[in-house]
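[1] Here is my input; please provide its structure:
(one chain, ligands or ions: 2)
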Amino acid sequence: MTLLSDALSTPLGTSTALDLGPARALSCRECGHETPLAAEFACAECFGPLEIAYDFSDITRESIEAGPTSIWRYRDLLPVPRGVQDIPNTEPGLTRLIKADRLGAELGLRNLWIKDDTGNPTHSFKDRVVAVALAAARELGFSVLCCPSTGNLANAVAAAAARAGWDSVVLIPKSLEQAKVLTTAVYGGTLLAVDGNYDDVNRLATELAAEHEDWAFVNVNVRPYYAEGSKTLGYEVAEQLGWRLPEQIVIPVASGSQLTKVDKGFTEFGKLGLVEATPYKIFGAQATGCSPVAQAFSEGHDVIRPVRPDTIARSLAIGNPADGPYVLDAVRRTGGAVGHVSDEEVVEGIRLLARTEGVFAETAGGVTVATTKKLIAEGRIDPDAETVILITGDGLKTLDAVAGHVGPTATVPSTSRAVREALGNR
Ligand SMILES: *Cc1c(COP(=O)(O)O)cnc(C)c1O
Ligand SMILES: [Zn+2]
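    Ligands and ions are numbered 1, 2, ... in the order given. The predicted structure is shown next:
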């Protein structure tokens with residue numbers, strides 16, 4: 001407890017001169033207690049997680065459409081300074097939403113869309129959350145950008161810090177894929193490979209955050225700000241569908257933050273009158289080797305039992321997911337479900353998506369595609385309802401997952417006859 005309360009009392013002050021845009025206060029998700037905007041993440045009353053409360057001004061479709069072609073078009077809905085788009089940053093977001101008729105036909109879905117977040121600066125959705133965390137951290141007085149990471153966050157933090165001219169400290173489990181190590185190290189900054197799994201690394205980060213007052217761990221001591229970045233995925237899906245909500249959406253779950261914030265984004269758009277508040281169902285996707293939320297869902301529990309992750313979907317390998325209970329709330333409230341798939345199915349999912357739509361996703365994408373297939377088979381996803389699946393990371397970072405499964409059709413001498421023979425005389 002000492003560590004937690006140390007981390008709670010920020011020495012950086014809670015100045016009322018902070019410009020965090022429409023953000024009004026931090027509010028406890030459990031007891032509703034409000035506290036001034038600061039670098040805090042747990043409620044002083046009940047230790048529940050804090051999230052951002054807002055006073056939104058009038059926001060119109062036109063004002064959003066006139067904004068930058070990045071997440072900053074939604075800056076009036078985020079806890080960031082008003083001129084945030086003018087500060088050097090990686091400008092993530094506004095990735096493509098594509099109609100996926102060929103994948104839809106394979107899955108038996110009549111109306112399927114892919115939100116392809118591989119198109120971000122470091123090729124995963126983590127650029128969104130890091131950009132918001134950095135903007136808030138700067139305003140809160142921090143000067144070093146840090147994180148514990150399962151890989152994609154490491155890339156995003158190192159790159160965003162480099163672009164902003166900040167030092168970075170990134171902690172990863174030493175078993176991480178080589179590609180994610182190199183694609184972090186290349187940006188400079190400090191990269192520490194820790195002898196332990198992600199949950200060990202996360203614990204270490206919490207300790208370090210309490211010891212270093214100028215270190216902003218994006219997903220620890222500035223987590224309430226960071227988490228809001230995921231709302232932009234929901235905003236974009238709604239805007240790109242022509243200002244309406246989909247009927248179903250399938251989202252991969254690690255800590256569960258992204259899923260709960262896409263839900264929050266949809267709800268806010270409805271409340272602000274930017275879309276009609278039509279009903280939608282949210283589905284969560286996990287790998288069987290790390291499926292604590294899916295297990296709790298299928299057993300009807302409210303409490304998540306932590307697991308020791310063992311899956312190739314390392315970007316989702318969080319055994320003790322902080323937002324797990326809120327994922328269960330969102331999924332149950334909307335009439336969705338949380339499913340899980342084996343590592344074999346993950347690889348099949350990656351290949352199916354690539355073969356049908358020309359999109360190469362990392363293992364998390366394989367989890368999403370394969371879980372979608374399973375939830376259709378189980379009758380939980382309605383094949384006739386408009387469905388969006390979130391592809392959150394790029395396959396080039398997890399080549400190991402497909403390395404033993406795909407390769408050249410044949411290796412041939414350089415003659416057309418050899419080619420004909422190799423192709424069965426076609
Ligand atoms: C981090 C991550 C997620 C899940 O994020 P949470 O908000 O922790 O649930 C999904 N996909 C990819 C590729 C990620 O890197
Ligand atoms: Zn509380």
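[2] all strands for the chain, in order.
    Using DSSP state E, the strands of the chain run over residues 23-28, 34-35, 50-54, 97-99, 112-116, 144-148, 167-173, 190-194, 215-217, 248-252, 281-287, 337-341, 387-391.
[3] Output the set of residues of the stretch 201-350 of the chain in proximity to ligand 2.
    Residues of the stretch 201-350 of the chain lying close to ligand 2 (C-beta under 5 Å from the ion): none. Every residue, glycine included, has its C-beta placed from N, CA and C.
[4] Tell me where the stretch 201-350 of the chain has helices.
    Assigned helices in the stretch 201-350 of the chain, in chain order: 223-228, 231-240, 257-271, 292-299, 324-334, 343-357 (criterion: DSSP state H, counting those that start in this stretch).
[5] Skipping adjacent residues, who's closest to I318 in space?
    If the residues on either side of it in the chain are set aside, I318 comes closest to A254, at 4.6 Å by C-beta to C-beta, 6 or more residues apart in numbering.
[6] Would you mind measuring from the one you found to S416?
    50 Å (C-beta to C-beta, to the nearest Å).
[7] So for these two, which sits in the more crowded spot?
    Taking neighbours as other C-beta atoms under 10 Å, A254 and S416 compare with A254 leading, 28 against 8.
[8] dump the residue contacts of that one.
    If you count contacts by C-beta atoms under 8 Å, 6 or more residues apart in numbering, A254 has them with 150, 315-318, 321, 364.
[9] residues from the stretch 251-400 of the chain in reach of ligand 1?
    252-258, 315-316, 362, 364, 392-393 (C-beta under 6 Å from any ligand atom).
[10] so what's F360 closest to, chain neighbours aside?
    Using C-beta to C-beta, 6+ apart, the nearest residue to F360 is G395, at 3.6 Å.
[11] So that neighbour is in contact with V369, correct?
    No - G395 is beyond contact range of V369, at 11.8 Å (criterion: C-beta atoms under 8 Å).
[12] so what's in contact with these two at the same time?
    Common neighbours of G395 and V369 (C-beta under 8 Å, 6+ apart) are 350, 361.
[13] Identify the residue of the stretch 1-150 of the chain closest to ligand 1, quick one.
    S124 (4.7 Å; C-beta to the nearest ligand atom).
[14] on that earlier part again, now tabulate the residues of the stretch 251-400 of the chain next to ligand 1 in a markdown table and tack on pLDDT and distance to E40.
    A markdown table is the format used below for these (pLDDT from 0 to 100; distance: C-beta to C-beta, whole Å):
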| residue | pLDDT | distance to E40 |
| --- | --- | --- |
| P252 | 98 | 28 |
| V253 | 98 | 25 |
| A254 | 96 | 23 |
| S255 | 95 | 18 |
| G256 | 97 | 20 |
| S257 | 97 | 17 |
| Q258 | 98 | 22 |
| S315 | 91 | 27 |
| L316 | 95 | 27 |
| E362 | 97 | 33 |
| A364 | 98 | 29 |
| T392 | 98 | 28 |
| G393 | 97 | 29 |
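[15] hmm, back to that, got a list of what the residue of the stretch 1-150 of the chain closest to ligand 1 touches?
    117-118, 152, 155-156, 315, 362, 392-394, 397.
[16] change it to 7 Å
    By C-beta atoms under 7 Å, 6 or more residues apart in numbering, the contact list for S124 reads 117, 152, 155-156, 392-394.
[17] export the strands of the chain to JSON lines and tack on mean neighbour count?
    As requested, the strands of the chain are exported to JSON lines (neighbours: other C-beta atoms under 10 Å):
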{"stretch": "strand 23-28", "mean neighbour count": "19"}
{"stretch": "strand 34-35", "mean neighbour count": "15"}
{"stretch": "strand 50-54", "mean neighbour count": "21"}
{"stretch": "strand 97-99", "mean neighbour count": "16"}
{"stretch": "strand 112-116", "mean neighbour count": "24"}
{"stretch": "strand 144-148", "mean neighbour count": "27"}
{"stretch": "strand 167-173", "mean neighbour count": "22"}
{"stretch": "strand 190-194", "mean neighbour count": "16"}
{"stretch": "strand 215-217", "mean neighbour count": "27"}
{"stretch": "strand 248-252", "mean neighbour count": "27"}
{"stretch": "strand 281-287", "mean neighbour count": "28"}
{"stretch": "strand 337-341", "mean neighbour count": "26"}
{"stretch": "strand 387-391", "mean neighbour count": "27"}
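[18] For the residue nearest to the spatial centre of the chain, give its distance to G284.
    Of all residues in the chain, the one closest to the mean position by C-alpha atoms, centre = their mean is Q258, 4.7 Å from it. Plainly put, Q258 is 10 Å away from G284 if you go by C-beta to C-beta.
[19] Mind listing the shared neighbours of these two?
    Shared contacts of Q258 and G284 (C-beta under 7 Å, 6+ apart): I251.
[20] and the stretch 101-250 of the chain, which residues reach ligand 1?
    124, 126, 152.
[21] What separation is there between F360 and ligand 1?
    For F360, the distance to ligand 1 equals 13 Å [C-beta to the nearest ligand atom, to the nearest Å].
[22] Right, and ligand 1 sits closest to which residue of the stretch 51-200 of the chain?
    For the stretch 51-200 of the chain, C-beta to the nearest ligand atom, closest residue to ligand 1: N152, 3.4 Å.
[23] For that residue, which residues are in contact?
    So N152 contacts 124, 126, 315, 393 (C-beta under 7 Å, 6+ apart).
[24] and those, which two are the farthest apart?
    Maximum pairwise distance among the contacts of N152 (C-beta to C-beta): 8.8 Å, between K126 and S315.
[25] of these two, who's got more company?
    With neighbours defined as other C-beta under 10 Å, K126 and S315 compare such that K126 has more, 34 against 28.
[26] Please name the spatially closest residue to the more buried one (chain neighbours excluded).
    Using C-beta to C-beta, 6+ apart, the closest residue to K126 is A156 (3.9 Å).
[27] give me the number of residues near that neighbour?
    33.
[28] Just list the residues touching it, thanks.
    122, 124, 126-127, 130.
[29] Tell me the one of those nearest I376?
    After measuring the contacts of A156 against I376 - C-beta to C-beta - the closest member comes out as S124, at 25.6 Å.
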